[in-house]
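Enquirer: test case, fold it:
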Amino acid sequence: MTTFGRAATGAVAGTLAVFCCSGCGLLMAFTSPPDEPPGLGDAGGTDGATADASSIDAANTLGPARWLQIFGTAAADPDLAGSLAVGSRGEIYFTAEFAGDIQIGNVTHTSSHLYRAVLTRLDSLAAPQWSRLLGKRTPDAQRDDKQLMFITSLAVDAAAQPIVGGTADGYIDFGDGMMPSAGYPDAFLARFTADGGSATWSHLFSDPNSQLGKAVAVGADGSIVLTGYFNASLKFGNCPPIVSQGVFNAFVVKFDARGECVWSRQFGSTDIALGLRVAVGRDGEFWLAGEHTAAIDFDEQHLDAAAAREHFLALLDASGQALHVAALDTDVDGTIALATDADDNVLVAGGNVSGAPALYSMLVRKYDRVGSQVWERRLAGPGASNATGIDVDARGRVLVTGQFLRQVGLDAFTLTCDDESADASDVFVAMINGGSGAGIGLTKIGGTGSQRALEIRHDPAGGVVVLGEFDGSISDGTATRSSAGGVDVFIARFGP
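Expert: Purely as a prediction, here's the structure:
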């Protein structure tokens, strides 16, 4: 069975740092905090191309490829895609981690050690508007080359201000003041201005033990929900401290638009419970997805102990009280993606082994607000596939992206991998009818070597934006680009 994701590709050389939690089986990756960048200046136009709509099957609702943009340099060090968000006016934000150099517009950012993170804003045609390195290194020279930071989630509020969440090791400074660490790793949350990326506020949540930020979501009122997991105790601003009962427990914390803590919750028991994904629902409610091993209580809702690590799905109200909880049985494996629709249904994407002969395939499920399954979809073989990103557009259509090998299909649509050499994957982009679950669009991003998608978002014009990384070459069927060296980042858009 092929394992999808960065760890599976031999092309990603370098020193991506990982921490192993002895005894709990958790592997944690971090990037290093960078210095502040120079201004971006005039970035010029996009490096993409516009497709001829007549070249696309009219039955494919996804529409034509519109542009393809890549970011990287000739150095062999990999440039890794991070997170993606699209604002209400079509502005695109993304994060990336890199070692060595990365080219964004007319600016080359440089890393002197390990990995650094960069936040970039593009216009709707993929032209860079600004790019900013995030975080600063500690003043402790003895630890200067060991400082790590990993941005795990990116969201954008109604004012087009990007918000990042993640995990850091050591002191960091986003430009609004140095934040000391009491121990590492630590969770962080920061908001930046739309016009230039200056920090408006930032927080580092630290104690002598481990705290990992995993996902962030923004409500219509500007409130922010952050989830992750921790051991021992953890305090968020002026909110009372929460205490873990096991190896790791999940945390959920809500902030107002000023970054002030409104409330914080802990979920878990004597073993492992992880908060991994969060998505905004209606009336201030939100969905939380994660993993657990021991029995776990969500207020009056109870889930029994799991024989192995299993996923849970919980609907919480605006005050953090659990309304409904459901077990996502062992059919959902690996990393999951989460999205909601206008009727407060929730969509979960990932992959699992099924069928005869056994095949690892993309799995998408829709649940109603009480956790009952509405429908389920997979990509047909003979090739393996896995979903890594999901979104729901303004028309209720479900957008899914991930990787596949060899050949896959969705109802009337079939994709064949451009490079069928061992472990070489292409990206699929699928559109599913949110009501019926029928496939209404399927296309690919291919090329030589491997192409890997991480996230997918819709834009206000009805388009679909995909973020990922690749080695070798990449093609959206209209434009073809070659990697500048090693692994590079790509963003592609389909639709009107």
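
Enquirer: chain center to stretch 168-183, what's the gap?
Expert: With Cα atoms, centre = their mean, to the nearest Å as the basis, stretch 168-183 stands 23 Å off its chain's centre.

Enquirer: for that stretch, list every residue counted as buried.
Expert: Residues Ala168, Asp169, Gly170, Tyr171, Ile172, Asp173, Phe174, Gly175, Met179, Ser181 are the ones in stretch 168-183 that count as buried (16 or more other Cβ atoms under 10 Å). Every residue, glycine included, has its C-beta placed from N, CA and C.

Enquirer: now the two most distant members of those residues.
Expert: Across the buried residues of stretch 168-183, the longest distance by Cβ to Cβ is 19.1 Å; it joins Asp169 and Gly175.

Enquirer: apart from its neighbours in sequence, what residue is nearest the residue positioned nearest the centre of the chain?
Expert: The chain has Ser83 as the residue nearest its centroid, 4.6 Å off, counting by Cα atoms, centre = their mean. Spatial nearest neighbour of Ser83, excluding adjacent residues (Cβ to Cβ, 6 or more residues apart in numbering): Leu154 at 3.6 Å.

Enquirer: looking at it, the one you found is touching Tyr93, isn't it?
Expert: Yes. Under the criterion of Cβ atoms under 8 Å, Leu154 makes contact with Tyr93 at 6.1 Å.

Enquirer: what touches both of those two?
Expert: Taking Cβ atoms under 8 Å, 6 or more residues apart in numbering as the criterion, Leu154 and Tyr93 both touch Leu84, Ala85, Leu119, Pro162.

Enquirer: quick one: contacts for the third one?
Expert: By Cβ under 8 Å, 6+ apart, Leu119 lies in contact with Tyr93, Phe94, Thr95, Ser131, Arg132, Leu134, Ile151, Leu154, Pro162, Val164, Phe192, Gly197.

Enquirer: for the second one, same thing?
Expert: Under the criterion of Cβ under 8 Å, 6+ apart, the neighbours of Ala85 are Ile92, Tyr93, Phe94, Leu154, Ala155, Val156, Pro162, Arg457.

Enquirer: look up which helix or strand it falls in, please.
Expert: Using DSSP states H and E, Ala85 sits within strand 79-86.

Enquirer: over to the third one?
Expert: Taking DSSP H and E as the definition, Leu119 sits inside strand 116-122.

Enquirer: by how many degrees do that strand and strand 79-86 diverge?
Expert: 40 degrees (axes from the mean of the first three to the mean of the last three Cα atoms, to 10 degrees).

Enquirer: and the helix or strand that strand 116-122 is followed by, which strands flank it?
Expert: Once the chain leaves strand 116-122, the next helix or strand it forms, by DSSP H and E, is strand 128-133. Strand 128-133 has the following strand partners under DSSP bridges: strand 116-122 (antiparallel).

Enquirer: could you give the average pLDDT over stretch 211-230?
Expert: Average pLDDT, stretch 211-230: 93.

Enquirer: does Gly485 touch Ile70 like I think?
Expert: No. Contact criterion Cβ under 8 Å: Gly485 and Ile70 do not qualify, at 11.5 Å.

Enquirer: more neighbours, those two?
Expert: Shown here are Gly485 and Ile70; by other Cβ atoms under 10 Å, Ile70 has more neighbours (23 against 17).

Enquirer: what helix or strand is that one located in?
Expert: Ile70 belongs to strand 65-71 when elements are defined using DSSP H and E.

Enquirer: CA atoms only: put that strand into CSV for me.
Expert: Extracted in CSV, the C-alpha atoms of strand 65-71 (Å, rounded to 0.1, in the frame of the first residue of the first chain):
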residue,chain,number,x,y,z
ALA,A,65,-8.0,25.5,-15.9
ARG,A,66,-7.5,29.3,-15.5
TRP,A,67,-4.0,29.7,-14.2
LEU,A,68,-1.1,27.8,-12.6
GLN,A,69,1.5,29.5,-10.4
ILE,A,70,4.6,28.0,-8.8
PHE,A,71,7.0,29.2,-6.1
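
Enquirer: does anything pack onto it? Which helices or strands?
Expert: Contacts defined by 3 or more Cβ pairs under 8 Å, 6 or more residues apart in numbering; DSSP states H and E place strand 65-71 against strand 101-104, strand 464-475, strand 480-494.

Enquirer: worst mean pLDDT among the ones you listed?
Expert: strand 101-104 (a mean of 84).

Enquirer: each with direction, which strands does that strand pair with?
Expert: Going by DSSP bridges, the partners of strand 101-104 are strand 107-110 (antiparallel).

Enquirer: please save the CA atoms from the partner strand in PDB.
Expert: Output of strand 107-110 as PDB, limited to C-alpha atoms (Å, rounded to 0.1, in the frame of the first residue of the first chain):
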ATOM      1  CA  VAL A 107      11.500  38.800  -3.600                       C
ATOM      2  CA  THR A 108      13.700  36.000  -2.600                       C
ATOM      3  CA  HIS A 109      13.400  35.000   1.000                       C
ATOM      4  CA  THR A 110      16.400  33.300   2.600                       C
END
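
Enquirer: quick one: buried residues of it?
Expert: Neighbour counts over strand 107-110 (16+ other Cβ under 10 Å) mark Val107, His109 as buried.

Enquirer: how far off centre is it?
Expert: For strand 107-110, the distance to the chain centre is 23 Å (Cα atoms, centre = their mean).

Enquirer: what is the mean pLDDT for that strand?
Expert: pLDDT averaged over strand 107-110 gives 82.

Enquirer: the strands in the stretch 351-496 of the chain, which residues?
Expert: 359-367, 373-378, 385-392, 398-404, 407-410, 413-416, 426-432, 439-445, 451-458, 464-475, 480-494 (DSSP state E, counting those that start in this stretch).

Enquirer: in CSV: the ones you listed, plus distance to Ala305.
Expert: Output for the strands of the stretch 351-496 of the chain, formatted as CSV (distance: least, Cβ to Cβ, whole Å):
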stretch, distance to Ala305
strand 359-367, 22
strand 373-378, 22
strand 385-392, 27
strand 398-404, 30
strand 407-410, 35
strand 413-416, 40
strand 426-432, 34
strand 439-445, 37
strand 451-458, 32
strand 464-475, 37
strand 480-494, 40
